[in-house]
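**Student:** sequence and predicted model, in that order:
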Amino acid sequence: MADRSPEPPICQRCGRSRADAPPAEALAWSMENGRRGQVWLCPSCARTHVRDIEGKLPDEYW
């Protein structure tokens, strides 16, 4: 299901707007659906926090 909100996604970690990213980089943003709703991370923050992201994966993934 696509995000239909009128405002562009904002990175949860650094506050950067996806609207400010170049088109190719905007495609690399990471989105998680959780208890808090949709949470977005820019590519830079996703790379920095990859261990946190991997830690949330279910055991079946590995």
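**Tutor:** Right, received. Where do you want to start?
**Student:** chain center to the lowest-mean-pLDDT helix or strand in the chain: distance?
**Tutor:** Within the chain, no helix or strand scores below helix 50-55, which has a mean of 80 by mean pLDDT, DSSP states H and E. Relative to the chain's own centre, helix 50-55 is displaced by 12 Å; criterion: CA atoms, centre = their mean, to the nearest Å.
**Student:** now that helix: buried residues?
**Tutor:** Residues of helix 50-55 classed as buried by neighbour count (16 or more other CB atoms under 10 Å): none. Using the backbone N, CA and C atoms, a C-beta is placed for each residue, glycine as well.
**Student:** which other residues reach it?
**Tutor:** Residues outside helix 50-55 that contact it (CB atoms under 8 Å, 6 or more residues apart in numbering): 30, 32, 41, 46.
**Student:** burial of the closest residue in space to the second one that isn't next to it in sequence, as a residue count?
**Tutor:** It stands for E32. Sequence neighbours aside, V39 is the residue nearest to E32 in space, at 4.7 Å (criterion: CB to CB, 6 or more residues apart in numbering). V39: 16 surrounding residues under other CB atoms under 10 Å.
**Student:** I'd say V39 and A46 touch.
**Tutor:** No. V39 is beyond contact range of A46, at 11.1 Å (criterion: CB atoms under 8 Å).
**Student:** circling back to that earlier point, need phi/psi at the residue nearest to E32.
**Tutor:** With angles defined as degrees, to the nearest 10, V39 sits at phi -120, psi 130.
**Student:** so what's it up against?
**Tutor:** V39 makes contact with 12, 31-33 under the criterion CB under 8 Å, 6+ apart.
**Student:** need the pLDDT of the residue nearest to Q12 when sequence neighbours are not counted.
**Tutor:** The spatially closest residue to Q12, leaving aside those adjacent along the chain, is V39, at 5.0 Å (CB to CB, 6+ apart). pLDDT for V39: 91.
**Student:** P8 now?
**Tutor:** Looking at P8, its pLDDT is 90.
**Student:** assess the claim that it and A19 are in contact.
**Tutor:** Yes. Assessed by CB under 8 Å, P8 is found in contact with A19 at 3.8 Å.
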